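*Asks:* Structure for this input, please:
(4 chains)
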Protein chains: 4
Amino acid sequence: MDLNADLGEGYGSWPMGDDSALLSVVTSANVACGFHAGDPSIMRRVTGEAVERGVAIGAHVGYADKAGFGRRFVDIEPAALRDEVVYQIGALDAFARVAGDRVRYVKPHGALYNTIGHHEEQAAAVVGAVVDYDRTLPVLGLPGSAWLRLAADAGLTVVHEAFADRAYTPSGTLVSRREAGSVLHDADEIAGRCTAMATGQPIQDSAGGALKVEPASICVHGDTPGAVDIARRVRSALEGAGVTLSPFSR
Amino acid sequence: MDLNADLGEGYGSWPMGDDSALLSVVTSANVACGFHAGDPSIMRRVTGEAVERGVAIGAHVGYADKAGFGRRFVDIEPAALRDEVVYQIGALDAFARVAGDRVRYVKPHGALYNTIGHHEEQAAAVVGAVVDYDRTLPVLGLPGSAWLRLAADAGLTVVHEAFADRAYTPSGTLVSRREAGSVLHDADEIAGRCTAMATGQPIQDSAGGALKVEPASICVHGDTPGAVDIARRVRSALEGAGVTLSPFSR
Amino acid sequence: MDLNADLGEGYGSWPMGDDSALLSVVTSANVACGFHAGDPSIMRRVTGEAVERGVAIGAHVGYADKAGFGRRFVDIEPAALRDEVVYQIGALDAFARVAGDRVRYVKPHGALYNTIGHHEEQAAAVVGAVVDYDRTLPVLGLPGSAWLRLAADAGLTVVHEAFADRAYTPSGTLVSRREAGSVLHDADEIAGRCTAMATGQPIQDSAGGALKVEPASICVHGDTPGAVDIARRVRSALEGAGVTLSPFSR
Amino acid sequence: MDLNADLGEGYGSWPMGDDSALLSVVTSANVACGFHAGDPSIMRRVTGEAVERGVAIGAHVGYADKAGFGRRFVDIEPAALRDEVVYQIGALDAFARVAGDRVRYVKPHGALYNTIGHHEEQAAAVVGAVVDYDRTLPVLGLPGSAWLRLAADAGLTVVHEAFADRAYTPSGTLVSRREAGSVLHDADEIAGRCTAMATGQPIQDSAGGALKVEPASICVHGDTPGAVDIARRVRSALEGAGVTLSPFSR
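*Replies:* Below you'll find the model as predicted:
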């Protein structure tokens, strides 16, 4: 099983999260590329440390929107979006290569991630960017998203992810964040669900039924100290259950 | 002989210069990388057209300063500058590769170009970035600059350029722009000097003496309609004198 | 009658339009505030020249999106949008006051203008910003827009504008730009329609009927040389018809 | 005596310092204006809370350099700098007025503060901006700086500040940060020195002699939790010594 998390989300004098702590937990790092967060020096530091620890580097591409941290939908023309994504992957790949590895996958961030779940033109644009840059790069996303469907159509390798701390509906989609209970907070419960997902067991869905979620990667969060603790708990629960942790991209 | 010029210097809805016209004249294109000018869509368009025309793509790296067009010295820490230059080369290389080629050389822009003529720490930072990214990339600059001296010390291939429209002192340095007569405007005179430089003949220096300038590349300007005409005149004068035009990087 | 146009839309080394030419034609200048276009030096120059010529200064507020020139919808939180609009009005007002006048009205730009035609939350945010800053400032917009409706509800003075070069439906709304004939190009026709609108006469709507449009201001464009000529033609036609031109805000 | 500190230095999703805690300690708030730090929503929040607490609002103007947090010298043309400072003061003043007060003084930030200690052209530019905007605004700075000298020449009210945690040479200038002992860390010592400065007593200079520093405002720092504690200690020591704390600008 692979664990992925967002890293390198500081900017200049403003830190965010504890990149070093998370890099000791995850096997894949979604590294911000300087558009919604991150900057060249942070990218060098995070990619360098990722390579040292054997963590795979993914391009966490986003809208060019530092003021909104990439969490605002931007109705950018698809051709311009495609170019922006190529730019971001190329910039991050430079640091990954300086560090001795290369970008191993692509995962969109924030509002772009959400948008391309359903927005066909923007989804096609991001797919096009990956095809342009390197059609051997896997893409990470949510089962059922336009993003993964169009990526598969284009011949890209698609990788399903699940969220460690999110509730699922009986049909396997995420419960909306607007609903109560959509986000789980109990570390033991979260770790237990991750272990179930990693060992082919069902988890409990939002209606109380049994749901099989079979991700190739589980996304954990790390932007708060508590989140790092949960991520550590997930990792140790998986290891305790005999699950081998390694990057999906290797 | 190689002719180089700055291209891709528009930004969003703001054009600058006539990239297509210049690409029909020069053999090497210094392409802005989105820090002082340029954006991903411009980078894609210019690199695509450059490859179609057999023009070599160079990374025209600059300070992160669109408001000042990269013409203001910024006292950035050398380590951060090094990272910014790696980022820019990587981003441009993505588009060069999408277009079927790759970045062939590095030439700093504006205030960065001027600064690393003498600023040892920033010069070393830009050299370090090229070494980091790809130590086979040639670097283009002014003979006598700290930039080329440190690049040579680091084992990089250094390439001397001359300026088509600038007056030279008897010692072979540029006459300061603050002095009268530092910039030439007569197209015939400029073309004649370029032909001399390309065929091993001396030009007249600012004191009236004979000066041999033996560049591997001549920089022409293109940010005004008149400048494109001068560039065309230079090219046809060189061709008329039997000088073969081709990228220095091939 | 008032004529308004967008001005100060350059950025740094990138000019746009001929501000001086337009300032000799219009009576109200929608001045970009540095978010989608413009910068402090351009704002000083344009406000200074506007005051010299007796042209009223309006705050042309937009999304913070220079790369997209403010033409892309951004799903910004309404509270943040309200703050961004206050910021922009305040910054422009500084230059207007330095020049001896003050901001006289507010007109949103581009995608923000279009969005608040129907997006209630963002419209309320821009209204809120004007209320915050100075509730005596008139707001300029399209009859029927959420923007003007909410502004009126909040007690602001609303001013209706018409577009010199746009076709109108029988119900008085603009024909979508996606439809053929939505934008007029013939200077005589445009000038004739403007004269009709300014003198209480009907214009021909897109179905061939007679439509009375009774704006307090007519928007002309100026971002191309041809557009400036059309604007001049409109002005001279109005003057020829005995229409007095003066800022609506005085 | 007045206590001033830098506030509102977050940006978007990136916080910095504890603005609320500091606002309960200081009497004057140097509020970032969105160029080196801060954004419209932060500016609204900080100015609102400052007014509630009776803390005077100062414009903490800086270079347009979020990536470098305004700590890098930028060789901007003085006329452009002047315009950028007018812009910043106007934007902040909008929020100060929305909150029921107005900008009460101007204090440059970081590299701009340091530069205009000696750089005559940039110092004159910042002075010019204050003159442009409102020549009744006091300016805060270091005794002996070009900034305060030129401000006084221009008829502005100049206010001397001292730094709570910095060592002073026998001639009353700051010991360079590059030298050992230039920054004090002991809260009792810092509080004691502030009390001395506020009551007309000498402090010990770096050579062990007695130095009278007679500031109208003392600058405390707040960007770390420890710094807030020191600031609180300074305030309570001053109050314990019977020093009345109030904004210098009232």
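*Asks:* In chain A, where is pLDDT below threshold?
*Replies:* Applying pLDDT under 70 to chain A picks out no residues at all.
*Asks:* one more time with 90
*Replies:* Applying pLDDT under 90 to chain A picks out residues A:176-178, A:221-227, A:249-250.
*Asks:* Quick check: residues of it near chain D?
*Replies:* Within reach of chain D by Cβ under 8 Å from any Cβ of the partner chain, chain A has these residues: A:10-16, A:37, A:39, A:66-69, A:71. The way it works is simple: take the backbone N, C-alpha and C, and place the C-beta from them, glycine included.
*Asks:* what do you get if the cut-off is 7 Å, keeping everything else the same?
*Replies:* A:Tyr11, A:Gly12, A:Ser13, A:Trp14, A:Met16, A:Asp39, A:Lys66, A:Ala67, A:Gly68, A:Phe69 (Cβ under 7 Å from any Cβ of the partner chain).
*Asks:* Counting neighbours, which of those residues comes out on top?
*Replies:* A:Lys66 (26 neighbours; other Cβ atoms under 10 Å in any protein chain shown).
*Asks:* Can you name the residues that contact A:Val126?
*Replies:* Contacts for A:Val126 were tallied using Cβ atoms under 7 Å, 6 or more residues apart in numbering or on different chains; they are A:Leu81, A:Val85, A:Pro108, A:Ile116, A:Trp147.
*Asks:* Just list the residues touching the first one, thanks.
*Replies:* It stands for A:Leu81. A:Gln122, A:Ala125, A:Val126.
*Asks:* go again using 10 Å as the cut-off
*Replies:* A:61, A:63-64, A:74-75, A:112, A:115-116, A:121-126, A:128-129, B:40-41 (Cβ atoms under 10 Å, 6 or more residues apart in numbering or on different chains).
*Asks:* so which strand or helix has it?
*Replies:* Applying DSSP states H and E as the criterion places A:Leu81 in helix A:78-98.
*Asks:* Go through that helix and flag the buried ones.
*Replies:* Within helix A:78-98, the residues that count as buried by 16 or more other Cβ atoms under 10 Å in any protein chain shown are A:78, A:80-98.
*Asks:* next one: the helix or strand encompassing A:Glu121 to chain centre, how far?
*Replies:* Assigned by DSSP H and E, A:Glu121 falls within helix A:120-133. Distance, stretch centre to chain centre, for helix A:120-133: 17 Å (Cα atoms, centre = their mean, to the nearest Å).
*Asks:* What residues sit buried inside it?
*Replies:* A:Gln122, A:Ala123, A:Ala124, A:Ala125, A:Val126, A:Val127, A:Gly128, A:Ala129, A:Val130, A:Val131, A:Asp132, A:Tyr133.
*Asks:* and which of the residues of chain A next to chain D is nearest to D:Asp229?
*Replies:* Nearest to D:Asp229 out of those is A:Ser13 (Cβ to Cβ; 21.3 Å).
*Asks:* Would you mind listing the residues in contact with the closest one?
*Replies:* Per Cβ under 10 Å, 6+ apart, neighbours of A:Ser13: D:9, D:11, D:14, D:16, D:36-37, D:66-71, D:223.
*Asks:* can you redo those as CSV with secondary structure and distance to C:Val31?
*Replies:* Formatted as CSV, those follow (DSSP: H, G, I helix; E, B strand; the rest coil; distance: Cβ to Cβ, whole Å):
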residue, secondary structure, distance to C:Val31
D:Glu9, coil, 29
D:Tyr11, strand, 26
D:Trp14, strand, 31
D:Met16, coil, 32
D:His36, coil, 25
D:Ala37, coil, 26
D:Lys66, coil, 24
D:Ala67, coil, 28
D:Gly68, coil, 29
D:Phe69, coil, 30
D:Gly70, coil, 26
D:Arg71, coil, 32
D:Asp223, coil, 36
